[in-house]
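*Asks:* this one's structure only:
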DNA sequence: CGCTACATTGAATCGAGTCAACACGCGTGG
DNA sequence: CCACGCGTGTTGACTCGATTCAATGTAGCG
């Protein structure tokens, strides 16, 4: 679905993205060659094994990056929010996507063509290095997540996930903007921490009973960050 | 402990490493500025949170790259073999190590100083790109491992780990050299797949009973690759 | 209004972790 | 040369967190 987007140079989330490292004229050029789409809730942005055609940049909404295993179960790697790039790793490595990206609400996403992306990489050293460092940081986060799933009980993993989701949009150096509430299905939340819907629900109920979170209209709002933080660091 | 190593240009595992992308004179220069150490079994090569001082390249032996969680439990991320580089991600990102590297047998490792490494990165585009792609691939592998630990039962994870360990030294495009046998402690094997010693041992015994592997002197030799492959792809 | 997607709760089951005891092999020192 | 200790491997019994299965509730929407 087509959509008339703002110009990149005026884009409200430009400074939340890596584009904040680009020159005015670079951003203007990106703006000219980009395309912009609305993806409805549940719609696929790109699919595992497909070859990348460009760099996706989320303008509004959110996207889950996940992997389907041969069991048919979904493992969500991360939730991407406005200002986040998608698929840069596959793009940089000239490889097919290793994950699938699916909109979890109606989401507006811009697509910067591959060629333009590589132009930026080659001509803007800062941009290149920031990207490289982002990739390294991604790998580190993945390692942490791995270690967590292996050893941290579900209760701690859910607590951690809630904190991370609430603290979305924390970008390089900038203070995290806190989201007022978390709006993921229980199923997605479960898949994000590597468990099943029912277990996630039970844990959430516990948290509610303990007054750590509030639930209105299925959406989760965090009441007690400190306590959740503590639970998230407990190992049994 | 000091050790007189071969010159890099004559090093037998040069072509198993990313140095195969370097010019003769580049390799010679690396050889002049590198230092070489023997690490005894159990000795730490570098420690989580320390700042990198250079690039480690394994000449002989093997090293486990792991993370200690606050629970005191170790999660092994990967086992590195001759020709593998260590710590490049932290080096590239100018960040402290996110893991600890420990020799799991007596191991000879060369250290290329940071400055020399960055020289190579800047002057040799091929080397740079190969490194970048390696980092991307690492992240992909980590994702797979994550998804596995979340959903694959221990039996499948052990089967997979055995296959990977047996197929070490598979480098870009080259055919994997098969290791005759796997020589990890049960504890390390357990930590690699995210379980405990006892469970790993039980699974290994099962495999032995099913004639999928043989054990002599504690070391594991794979007898039936296909069947193990099949088990590794089973999800319950 | 009724369909559909999502959320919730209970009961039964099971995979895997924990605890404890013991076996084996190897190197050191008496 | 043997005894001892230590690191590692092995096995059994018990426990428990988490998944599975099944039934039911609730909200939003055409």
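*Replies:* Looks like it arrived, so ask away. Please read these numbers as outputs of a predicted model, since none were measured by experiment. Numbering: from 1, shown residues only, chains lettered A, B, ... in the order given.

*Asks:* Which positions in stretch A:68-80 come out as buried?
*Replies:* Neighbour-count burial for stretch A:68-80 flags A:69, A:73-80 (criterion: 16 or more other CB atoms under 10 Å in any protein chain shown). The C-beta positions use only the backbone N, C-alpha and C, and glycine is treated the same way.

*Asks:* Give me the pLDDT for residue A:2.
*Replies:* pLDDT for residue A:2: 50.

*Asks:* For chain A, which helix extends over the most residues?
*Replies:* Longest helix of chain A, by residue count under DSSP state H: helix A:125-151.

*Asks:* Okay, and the beta partners of the residue nearest the centre of chain A?
*Replies:* For chain A, the residue nearest the mean C-alpha position is residue A:80 (1.7 Å; CA atoms, centre = their mean). Residue A:80 forms beta bridges with residue A:63, as assigned by DSSP bridges.

*Asks:* For it, list the residues it contacts.
*Replies:* Residue A:80 makes contacts with A:58, A:62-65, A:86, A:101, as judged by CB atoms under 8 Å, 6 or more residues apart in numbering or on different chains.

*Asks:* Let's see that with 10 Å instead.
*Replies:* Under the criterion of CB atoms under 10 Å, 6 or more residues apart in numbering or on different chains, the neighbours of residue A:80 are A:45, A:56-58, A:61-65, A:86-87, A:101, A:103-104, A:107, A:109, A:168.

*Asks:* Just those: which are in strands?
*Replies:* A:45, A:56-58, A:63-65, A:86, A:101, A:103, A:107, A:109 (DSSP state E).

*Asks:* List the buried residues for the helix or strand of chain A with the lowest mean pLDDT?
*Replies:* Taking mean pLDDT, DSSP states H and E as the measure, the helix or strand of chain A with the lowest value is helix A:24-33, at a mean of 86. Across helix A:24-33, burial judged by 16+ other CB under 10 Å covers A:26-27, A:29-31.

*Asks:* tell me the angle of it relative to helix A:125-151?
*Replies:* Computed by axes from the mean of the first three to the mean of the last three CA atoms, to 10 degrees, the angle separating helix A:24-33 from helix A:125-151 equals 70 degrees.

*Asks:* And the contacts of helix A:24-33?
*Replies:* Helix A:24-33 is contacted from outside by A:5-11, A:14, A:19-23, A:54-55, A:57, A:110-113, A:115-117, A:119-120, A:123-124, A:127, using CB under 10 Å, 6+ apart.

*Asks:* Which members of these are classed as buried?
*Replies:* For the contacts of helix A:24-33, a burial check counting by 16+ other CB under 10 Å picks out A:5, A:8-9, A:11, A:14, A:19-22, A:54-55, A:57, A:110-112, A:116-117, A:119-120, A:124, A:127.

*Asks:* okay, now the domains of chain A?
*Replies:* Annotated domains of chain A cover A:8-135, A:150-233 [automatic domain parsing].

*Asks:* now the end-to-end length of the shortest one.
*Replies:* For domain A:150-233, the separation between the terminal residues is 14 Å (CA to CA, to the nearest Å).

*Asks:* Equivalent analysis for stretch A:94-102, please.
*Replies:* With CA to CA, one end of stretch A:94-102 sits 21 Å from the other.

*Asks:* Could you tell me which residues within it count as buried?
*Replies:* Those buried within stretch A:94-102 under the rule 16+ other CB under 10 Å are A:95, A:97-102.

*Asks:* Could you do stretch A:44-58 as well?
*Replies:* A:45-46, A:52, A:54-58.

*Asks:* All the helices of chain A, residue numbers only.
*Replies:* A:24-33, A:88-93, A:114-123, A:125-151, A:154-166, A:186-193, A:197-209, A:225-233.

*Asks:* what about the longest one, average pLDDT?
*Replies:* Model confidence over helix A:125-151 averages 92 on the pLDDT scale.

*Asks:* same question, the last one
*Replies:* For helix A:225-233, mean pLDDT is 93.

*Asks:* does any part of that helix sit near DNA strand D?
*Replies:* No - against DNA strand D, helix A:225-233 shows no contacts by CB under 7 Å from any atom of the strand, the least distance being 11.7 Å.

*Asks:* between that helix and helix A:197-209, how many degrees?
*Replies:* Using the same axes, to 10 degrees, helix A:225-233 lies at 140 degrees relative to helix A:197-209.

*Asks:* counting contacts, what elements does helix A:225-233 pack onto?
*Replies:* helix A:154-166, helix A:197-209 (3 or more CB pairs under 10 Å, 6 or more residues apart in numbering or on different chains; DSSP states H and E).

*Asks:* What residues sit buried inside the first one?
*Replies:* Of the residues in helix A:154-166, those with enough neighbours to count as buried (16+ other CB under 10 Å) are A:154-166.

*Asks:* Please produce TSV containing these, extended by pLDDT.
*Replies:* Shown next, in TSV, are the buried residues of helix A:154-166 (pLDDT from 0 to 100):
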residue	pLDDT
A:154	96
A:155	96
A:156	96
A:157	96
A:158	97
A:159	97
A:160	95
A:161	96
A:162	96
A:163	94
A:164	93
A:165	93
A:166	90
